[in-house]
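Engineer: I'd like to go over a predicted model; first the sequence, then the structure.
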Amino acid sequence: MDEPAPRSPRVLIGVLVLVVVLLGAAVVFLRQQDVAEQARADDRRTALRVAGEHAINLLTLDYKTVDADLNRLLATSTGLARQEYAAGAAALKSETVKDKVVQHGVVRAAAMVSMTGVTARVLVVADVEIRKEGGKTPQQDGFYRWSMDMTKVEGAWLVSKAVQVN
């Protein structure tokens, strides 16, 4: 019977080095995947949070703080949505102050519909209580649902379009 030739220590060392290198590469790859997934999860959470803030900003107005309220709305919007809000701000301010309107909005739910890179679509459900100080009109309650298109601008998620849905 022939005995197998003894393996040289160089071959064994080479195999061990190769195994260590492959394991190291696998760890680096898995870590990069984990970091990328965490970044996507952070983006989803942030887009949902900003959409909810935007809904609150749409619904929360007080005639005593209307300028700050409108500035918060503009701060969470971009593009065409921001242009539309800016164009209507003077009229909204005038009506709010004239009627002594106090509105308070509450987000009931927000859900991600889709997200790709720097865009997302979020559905938001919110309620609002509206009253006019000094008026004889009873408090009014409203229920709103929006589809909000989100855009990531210079690292910040902003609403680029908000459409009420039935």
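Structural biologist: Thanks, I have it.
Engineer: for the record, mean pLDDT for stretch 28-41?
Structural biologist: Averaging pLDDT along stretch 28-41 yields 82.
Engineer: tabulate the CA atom coordinates of that stretch in CSV.
Structural biologist: Listed next in CSV are the C-alpha coordinates belonging to stretch 28-41 (Å, rounded to 0.1, in the frame of the first residue of the first chain):
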residue,chain,number,x,y,z
VAL,A,28,-17.1,42.9,5.6
PHE,A,29,-19.8,42.2,3.0
LEU,A,30,-22.4,41.3,5.6
ARG,A,31,-21.6,44.4,7.7
GLN,A,32,-22.0,46.6,4.6
GLN,A,33,-25.3,45.0,3.9
ASP,A,34,-26.4,45.7,7.5
VAL,A,35,-25.3,49.3,7.3
ALA,A,36,-27.2,49.8,4.0
GLU,A,37,-30.4,48.2,5.4
GLN,A,38,-30.1,50.4,8.5
ALA,A,39,-29.8,53.5,6.3
ARG,A,40,-33.0,52.5,4.4
ALA,A,41,-34.8,51.9,7.6
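Engineer: burial check on Arg82, number of neighbours?
Structural biologist: 17 (other C-beta atoms under 10 Å). (Each C-beta comes from the backbone N, C-alpha and C, glycine too.)
Engineer: right, and the helix or strand after the helix or strand containing it?
Structural biologist: Taking DSSP states H and E as the criterion, Arg82 maps to helix 79-98. Along the chain past helix 79-98, the next helix or strand (assigned with DSSP H and E) turns out to be strand 101-116.
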